[in-house]
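Participant: quick one, what's the 3D model for this:
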Amino acid sequence: MMKKLLEKEFLRFLIIGSSTFVIDFSINNLIVLILQTDPTHESVIANMISVPIAFIYNFTFSSKWTFKNTIDRKKKFLKFLGVGIFNYIVSTFLIGLLVEYLTNSNLVHSHTTIQAGSKFLIMSLMTFWSYIIYKFWVFK
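Facilitator: Numbers count the residues shown, from 1 in each chain. The predicted structure is shown next:
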């Protein structure tokens with residue numbers, strides 16, 4: 001019974017996470033297309049704008065649907081915000097680092113591919129970390 005509940009919860013987490021990713025990724029790429037300056041700066045600025053928008057969406061649906069926990073929302077929001085700020089700083093740093101590395105290494109010649117690929121890779125890795133923290137600390 002508990003295993004089924006966890007499977008459903010994780011599936012809901014993936015659905016909300018995937019839709020959050022689509023929002024974040026779409027806004028991020030739109031900003032990159034608009035800015036068209038230095039690839040590293042574009043990536044960092046775009047991430048600084050897209051992440052907070054996606055964050056608000058994610059908290060709203062994570063608390064109401066994924067973890068179905070609306071008790072003490074203020075406390076949970078502050079925890080969620082703490083994790084979000086940490087993830088935001090780490091992901092922005094790692095995306096900037098990866099874009100800089102790939103741009104300088106000439107492994108990939110398309111700046112758009114480098115930026116989108118870096119964002120996708122880092123956000124994919126952050127998904128598993130986030131689920132564990134949300135499940136066992138934020139929405140416990």
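Participant: which element is the residue nearest the centre of the chain on?
Facilitator: Residue closest to the average C-alpha location in the chain (C-alpha atoms, centre = their mean): residue 123, at 5.1 Å. Counting by DSSP states H and E, the element that carries residue 123 is helix 111-133.
Participant: list the buried residues of that helix.
Facilitator: Residues 111, 114-116, 118-119, 122-123, 126, 130-131, 133 are the ones in helix 111-133 that count as buried (16 or more other C-beta atoms under 10 Å). The C-beta positions use only the backbone N, C-alpha and C, and glycine is treated the same way.
Participant: with stretch 77-95 instead?
Facilitator: Residues of stretch 77-95 classed as buried by neighbour count (16+ other C-beta under 10 Å): 79-80, 83-84, 87-88, 91-92, 94-95.
Participant: so can I have CSV of those residues showing pLDDT and secondary structure?
Facilitator: Written out in CSV, the entries for the buried residues of stretch 77-95 read as follows (pLDDT from 0 to 100; DSSP: H, G, I helix; E, B strand; the rest coil):
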residue, pLDDT, secondary structure
79, 93, helix
80, 91, helix
83, 93, helix
84, 89, helix
87, 89, helix
88, 86, helix
91, 89, helix
92, 88, helix
94, 93, helix
95, 90, helix
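Participant: as CSV, those residues with distance to residue 104 would be great.
Facilitator: Rendered in CSV, the data for those read as follows (distance: C-beta to C-beta, whole Å):
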residue, distance to residue 104
79, 38
80, 36
83, 31
84, 30
87, 26
88, 24
91, 20
92, 19
94, 16
95, 15
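Participant: so which of the residues you listed comes closest to residue 37?
Facilitator: Compare each of the buried residues of stretch 77-95 with residue 37 using C-beta to C-beta and the shortest gap goes to residue 95, at 15.7 Å.
Participant: please consider this matter closed, and thank you.
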